[in-house]
Structure formats: C-alpha cells, structure tokens
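*Asks:* Based on what follows, work out the 3D shape:
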Amino acid sequence: MSALFNFSSLIQVILLLICSSTYVHSQWPSILDRYKDHEALGAFWKMARIGERASPYVSLACILVAFNQFQS
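*Replies:* Purely as a prediction, here's the structure:
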C-alpha cells in the first residue's frame, strides 16, 4: 500500500522529512536558506523550522512511531 493512503506511513514519511531537513539545516544552513523563498524547495526549509522550534514534540512523535513499528 502506498504511503499516501496509509495514515501511519504518511506520518512516518512526514517525520522523516522533518528530521532530515532539520539535520541538514543544522549541518549546512546555507543549503536550505538559499531556497527559503522558493516555492517547491522552500518546503524543506519550513520543515527544518518546524523541527527546530517543535523539537520536543517531534522527538516524542518519533518515539511513538518507533513503538508502533515494534508492535506491528
């Protein structure tokens, strides 16, 4: 089943994008800052901002998804 039609897989993909974008932005900030105002690539910059500002909630969501994967 596609990740778009399975809610838990969609949440995993979104969390993976947020965590990956936050890591890339923390290591090489100029890469994402360059495309901040770009329409399509600006989404990665926005995901990095979500990961930076809401990091405790993102971490908690990652832990919950990991427990969900262990149970299934």
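*Asks:* switch to C-alpha atoms for all contacts and neighbour counts from now on
*Replies:* Fine.
*Asks:* nearest residue to the residue minimising distance to the centre of the chain other than its sequence neighbours?
*Replies:* The centroid of the chain falls nearest to residue 18 when counting by C-alpha atoms, centre = their mean (1.3 Å). Spatially, and ignoring its direct neighbours in sequence, residue 18 is nearest to residue 47 (4.9 Å; C-alpha to C-alpha, 6 or more residues apart in numbering).
*Asks:* list the contacts for that neighbour?
*Replies:* Residue 47 makes contact with 17, 18, 21, 22, according to C-alpha atoms under 8 Å, 6 or more residues apart in numbering.
*Asks:* Which strands or helices does the helix or strand hosting residue 66 pack on?
*Replies:* Under the criterion of DSSP states H and E, residue 66 resides in helix 55-71. For helix 55-71, the packing partners by 3 or more C-alpha pairs under 8 Å, 6 or more residues apart in numbering; DSSP states H and E come out as helix 7-27.
*Asks:* Give me the distance from the helix it packs on to the chain's centre.
*Replies:* Mean-position distance between helix 7-27 and its chain equals 2 Å (C-alpha atoms, centre = their mean, to the nearest Å).
*Asks:* report the angle between the axes of it and helix 55-71?
*Replies:* If you take axes from the mean of the first three to the mean of the last three C-alpha atoms, to 10 degrees, helix 7-27 sits at 140 degrees to helix 55-71.
*Asks:* Okay, buried residues for helix 7-27 please.
*Replies:* 11, 12, 15, 17, 18, 19, 20, 21, 22, 24, 25 (16 or more other C-alpha atoms under 10 Å).
*Asks:* what does stretch 31-38 give?
*Replies:* The neighbour-count check on stretch 31-38 (16+ other C-alpha under 10 Å) flags 32, 36 as buried.
*Asks:* Need the contact partners of it.
*Replies:* With C-alpha under 8 Å, 6+ apart, stretch 31-38 has contacts from 24, 25, 41, 42, 44, 45, 46.
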